[in-house]
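[1] generate coordinates for the sequence data below:
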Amino acid sequence: MAGRELPPSSPFAGDDGTADPAVAAALAAVADGRGGTADVVAALRGTRVLVPVLAELEVEDVVVHDGHAHTVDKEASAGIVALQAPDGRRALPVFTSVAAMTAWRADARPVPSDVARAALSAVTEGWEVLVVDPGGPTTVLLPRPAVWALAQQQAWDPAVGPGGLDPSIREAIVSAVSPVRGVVAVDAVAGTRAEVAVVVDLVAGLDRAGLDAVLAGVNAALAGVELVATRVDSLELRPRAAR
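    Prediction:
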């Protein structure tokens, strides 16, 4: 096995440190454009991941996501390392193999964990996302709802799939926001800056105070939508004057 041996006292002592074949196949599919994040999450369920522990904690690293490199800071909590994701949220790095961790940091000590426990640890620390294999060869950022699903050992149903935004989420958003005073029409679609975009047509002639009041009402309405809280990773609001 490449890299250091796993601790003999670990319940994973028989683990040879290689990636689960199904997870490796899902990551390979992402790399060549045949698969997506949902496939990786499905493959990860019930598997072992490696969580890194570093002796030197005040360092910087780079997370690659969607082909772009992002300089990030690391923090420690009880020896566990957190990365800062491109959107500013804290992320727990997990690795599929000892080789992947060694490629990231040769001095990192692998702590094996079932993925549900690792996801639950991230949630407990307030770290909303997981980064799978941040040193490559394929890096995947798992969004907050996927992390929650893994922690609860449940299947993840993405808000946005190949066919666009889940109609049930769109309907819930439209139903919640439409009654807000000052809103003429509302729609929800797959976002560009966030996972879901809420497009709101507003009454004409609003002054700044009126606009702020309407947007505050929209945000309050969205905060009360359970499907948004449980299944949507991030929202962007697109207000515009009604035509």
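[2] so what's the gap between stretch 132-144 and the chain middle?
    Mean-position distance between stretch 132-144 and its chain equals 10 Å (C-alpha atoms, centre = their mean, to the nearest Å).
[3] which residue is nearest the middle of this structure?
    P143 (1.5 Å; C-alpha atoms, centre = their mean).
[4] now do the same contact list for that one.
    For P143, the contacting residues are 37, 129, 195, 233-234, by C-beta atoms under 8 Å, 6 or more residues apart in numbering. In this view, the C-beta of every residue, glycine as well, is placed from N, C-alpha and C.
[5] could you do V49 as well?
    Applying C-beta under 8 Å, 6+ apart, we find V49 in contact with 94-96, 112-115, 118, 132.
[6] any of the residues you listed buried? List them.
    94-96, 112-115, 118, 132 (16 or more other C-beta atoms under 10 Å).
[7] just the pLDDT for A42.
    Confidence at A42, expressed as pLDDT, is 97.
[8] by contact count, what packs against whatever helix or strand it lives in?
    Using DSSP states H and E, the element containing A42 is helix 37-44. Applying 3 or more C-beta pairs under 8 Å, 6 or more residues apart in numbering; DSSP states H and E, we find helix 37-44 packed against helix 21-31, strand 140-142, helix 144-151.
[9] P158 and A38 touch, don't they?
    Yes. If you go by C-beta atoms under 8 Å, P158 and A38 touch, sitting 5.2 Å apart.
[10] overlap in contacts, those two.
    Shared contacts of P158 and A38, counting by C-beta under 8 Å, 6+ apart, come down to A146.
[11] re the thing from before, with pLDDT and distance to A85 added, can I get the contacts of V49 in CSV?
    Below are the contacts of V49 laid out as CSV (pLDDT from 0 to 100; distance: C-beta to C-beta, whole Å):
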residue, pLDDT, distance to A85
V94, 96, 13
F95, 97, 16
T96, 97, 18
P112, 93, 23
S113, 93, 20
D114, 94, 23
V115, 96, 18
A118, 94, 16
V132, 97, 12
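[12] burial count for A108?
    22 (other C-beta atoms under 10 Å).
[13] over to the residue nearest to it when sequence neighbours are not counted. Which of the three states is it?
    The shortest distance from A108 to any non-neighbouring residue, by C-beta to C-beta, 6 or more residues apart in numbering, is to P52 (4.0 Å). Following DSSP: H, G, I helix; E, B strand; the rest coil, we place P52 in the strand state.
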